Each structure stands twice: as structure tokens, then as C-alpha cells.
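Enquirer: Quick one: sequence and predicted model below, then my questions.
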Amino acid sequence: MKKMRVEDAIGMTLAHDLTRIIPGVEKGAFFKRGHLITANDIPLLLDIGKKNVYVTDGSESGVHEDEAGLRIARSTCDESIIITEPAEGKVNLKSPCAGVFRLDESGLMELLEDPEICYSTRTPNQAVKKGDLLASCRIIPLFKPESELKAIEDTFSSRPALLRVDPYLPKKVGLIITGSEISDGRIADAFGPILVRRNEELGGVIAGTRYPGDEQAAIEQAIRDFIDEGCTMVQLTGGMSVDPDDCTKDAIAAVCDQVVIYGTSVLPGAMFMLAYHQDCPVIGLPGGVVASDFSIFDFVVPRLYTDERLTAFQIRQMAIGGLLGVRK
């Protein structure tokens with residue numbers, strides 16, 4: 001590889017992608033690696049600030065950034081992950097299905113001990129759709145020694161993948177909307193339709209929606225009825241706070257074998273509750289959850305659709321980044 005003035009590079013082969021950036025309009029490869037430079041290219045190269053370019057001259061050693069990015073991606077991700085062709089040295093990794101993005105964070109930190117690697121991911125344990133971008137990787141220099149790249153492949157190919165997507169599993173969901181104002185017909189149910197939509201987006205099948213009012217015994221019975229009918233998840237909303245009429249949390253605790261947590265440091269979602277009746281999660285959703293576009297519902301429920309059994313510690317960890325009202 002040789003550095004040359006663009007005027008002297010006519011007839012030479014470009015050794016790497018060149019990027020053009022027009023703020024707010026465009027950022028991408030303007031000239032691709034392997035392009036044969038012509039006289040007509042000179043004004044365009046100067047327009048993007050390139051007075052000099054690297055051209056191939058047969059002296060290159062090591063693995064080019066395009067191949068290096070592909071090899072790092074293939075050795076670190078689950079085989080189902082969609083890997084794009086390199087562009088400007090960068091390789092994108094995309095979700096093969098709808099599910100929850102998983103990341104081995106300690107493994108990623110080990111990989112990044114090599115200062116010549118860039119490997120950027122989205123936030124783990126969040127819902128993703130098919131085709132969503134999960135990560136991008138590349139090397140920082142234009143070439144990387146084969147021995148170093150081979151060592152990375154040997155290390156990470158022999159381990160579980162750094163990143164994967166756990167697909168959603170079929171769930172039969174019972175919905176319970178508490179509150180006498182709804183059961184008495186004083187106001188229309190605004191929460192049920194939202195929960196129907198949110199669960200169907202995750203592949204859930206709604207077994208039904210029930211309105212037991214505010215009586216604890218009636219709420220308990222509604223939970224038991226859904227479990228007896230074979231529901232694999234029960235979600236309740238309303239009555240989750242500390243008002244004298246709020247007994248949903250007590251009904252959940254009375255029916256379930258294990259209460260994982262009541263109360264979180266995620267907003268909206270402070271009065272959230274997760275419990276289990278055997279293997280069936282029973283979830284208490286405060287009103288702010290179903291009234292908000294993004295809440296603890298999005299932190300927890302997609303993960304339950306993969307049969308992950310969450311702990312209180314995992315939910316407490318959601319405090320970090322859990323102030324959702326500041327999302328822009």
C-alpha cells in the first residue's frame with residue numbers, strides 16, 4: 001500500500017473506502033475499495049478533502065479491514081445472526097428474529113482489550129425486531145496482522161457467542177383490569193386494549209380480559225381461573241399503589257408461591273410487582289406503565305416471553321438507566 005497525491009494516483013487502485021459526509025443528508029462510501037482512479041475523480045476527491053489516498057502496490061501485509069471485520073463478527077456472534085457485507089471497514093450484525101438481545105458483557109470487555117478493535121452494541125436485554133441492528137464491528141487500522149486476528153478467532157470461536165437473540169416463545173396471557181370504576185361501568189377500560197396490543201406484538205395470545213373490581217377475593221379468583229385455564233402468564237393492572245382500596249398486590253401475593261419483587265427504581269414502573277405461581281409469572285402493572293410508551297413493561301415482559309426467570313437483583317439493576325422520562 002502506498003500513499004500518493006490524488007493527481008498522481010490516476011490509473012491506480014484505491015486501497016480502502018473513502019467516505020463523503022454531507023451533514024444531515026449523507027454519510028457513506030463515496031469511492032469503494034478497488035476503484036480505479038480516473039482523471040474525472042480528482043475534483044471529486046478534492047471536494048471531500050482528499051489530497052492524498054492510499055493505493056495498492058502489492059506491498060500490503062496483514063488482513064484488510066473489510067475481511068478483518070467479517071472474521072471478528074463471525075467468531076463472536078451466534079450463527080443465526082445476520083452479518084452484512086463490509087462498508088467503510090464496518091460490518092453490521094442484525095437480528096434474525098423478534099426476541100430479546102443478549103450480550104456477554106465480560107467477554108466483550110475482554111475482546112476490547114485489543115485497542116485496535118471497535119465493537120459497538122445496542123443495550124442488552126432489550127426487545128428487538130427482525131432486522132434490527134445489534135452491533136457494528138471493525139478494526140481501527142486499515143490492516144491487522146494475521147496472527148493477531150487468528151488469536152481472536154481461536155479464543156472466541158470456542159466459546160458461547162458474545163451476542164445472540166433469544167426468540168419469543170408462545171404465551172397464553174390472561175389480563176385482569178382491576179378497579180370498581182371499570183367493573184361498575186363508570187368509565188371505559190382504557191388499559192386492556194393497550195395490554196392486548198403490547199402482548200400481541202410479542203406473539204402472545206390473549207386468553208381473555210376480566211374485571212373483578214377492587215375486592216381482593218375476586219382478584220385472587222380471577223388469577224386462579226386464568227391459571228386453571230392454562231395461561232402461561234397473567235398480567236394485572238390497577239390497585240398497585242398504597243391507597244386504601246389498592247389490594248391487587250395482596251391478591252397476587254396470596255395466590256403465588258414466590259414474590260420476586262414489589263417496588264422498583266424504574267420510572268414509570270415504581271409500583272411494579274413480579275411473582276410466580278409455579279412457573280407462571282403473575283405481573284402487577286401500575287397505571288403509569290400502560291399509560292407510557294416506554295416503561296418497566298419493556299424492561300421485563302419481553303424477557304419473560306423467552307422463559308427467563310428474573311431475580312430481584314436483576315430488576316434492581318434496572319435502576320441504572322431506569323429514569324425513562326428523560327429519554328429523547
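Expert: In hand now; what should we look at? Numbering: from 1, shown residues only.

Enquirer: tell me the centre residue of this protein?
Expert: In the chain, the C-alpha nearest the mean C-alpha coordinate belongs to residue 126, at 3.8 Å (Cα atoms, centre = their mean).

Enquirer: so after the longest strand anywhere in the chain, what's the next helix or strand?
Expert: In the chain, taking DSSP state E as the definition, the longest strand is strand 205-213. Remark: after strand 205-213, the chain's next helix or strand is helix 216-228, criterion DSSP states H and E.

Enquirer: That following helix versus strand 205-213: what angle between them?
Expert: Angle between the axes of helix 216-228 and strand 205-213 is 170 degrees (criterion: axes from the mean of the first three to the mean of the last three Cα atoms, to 10 degrees).

Enquirer: Please identify the buried residues of the helix or strand of the chain with the lowest mean pLDDT?
Expert: The helix or strand of the chain with the poorest confidence is strand 26-31; it has a mean of 75 (mean pLDDT, DSSP states H and E). Neighbour-count burial for strand 26-31 flags 29-31 (criterion: 16 or more other Cβ atoms under 10 Å). For the C-beta atoms, the positions are set from N, CA and C on the backbone; glycine is no exception.

Enquirer: looking at this, residue 58 is in a helix?
Expert: No. Under DSSP: H, G, I helix; E, B strand; the rest coil, residue 58 falls outside any helix and is assigned coil.

Enquirer: What distance do you get for residue 55 to residue 65?
Expert: 16 Å (Cβ to Cβ, to the nearest Å).

Enquirer: With neighbour numbers in mind, choose between those two.
Expert: Higher neighbour count among residue 55 and residue 65: residue 65, with 24 against 21, using other Cβ atoms under 10 Å.

Enquirer: How about residues contacting the longest strand of the chain?
Expert: 170-180, 182-184, 189, 192, 196, 199-200, 218-219, 221-222, 225-226, 229-231 (Cβ atoms under 8 Å, 6 or more residues apart in numbering).

Enquirer: 6 Å instead, please
Expert: 172-177, 180, 182-183, 192, 196, 218-219, 222, 231 (Cβ atoms under 6 Å, 6 or more residues apart in numbering).

Enquirer: Report the two of those separated the most.
Expert: 172 and 180 (27.4 Å; Cβ to Cβ).

Enquirer: circling back to that earlier point, export the buried residues of strand 26-31 to TSV and tack on distance to residue 150?
Expert: Shown next, in TSV, are these (distance: Cβ to Cβ, whole Å):
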residue	distance to residue 150
29	28
30	33
31	30
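
Enquirer: contacting residues for residue 171?
Expert: 204, 232-233, 305.

Enquirer: Can you show me the strands along the stretch 51-200 of the chain?
Expert: 52-55, 63-64, 82-83, 91-94, 99-103, 117-121, 127-128, 133-139, 143-144, 163-167, 172-178 (DSSP state E, counting those that start in this stretch).

Enquirer: most packed of those strands?
Expert: Across the strands of the stretch 51-200 of the chain, averaging neighbours per residue (mean count of other Cβ atoms under 10 Å) puts strand 172-178 on top, at a mean of 25.

Enquirer: elements contacting it?
Expert: helix 191-201, strand 205-213, helix 216-228, strand 233-237 (3 or more Cβ pairs under 6 Å, 6 or more residues apart in numbering; DSSP states H and E).

Enquirer: Deepest in the core, which of those is it.
Expert: strand 233-237 comes out most buried of the helices and strands packed on strand 172-178 by mean count of other Cβ under 10 Å, with a mean of 26.

Enquirer: can you give me the angle it makes with helix 191-201?
Expert: 150 degrees.

Enquirer: I am finished for the moment; much appreciated.
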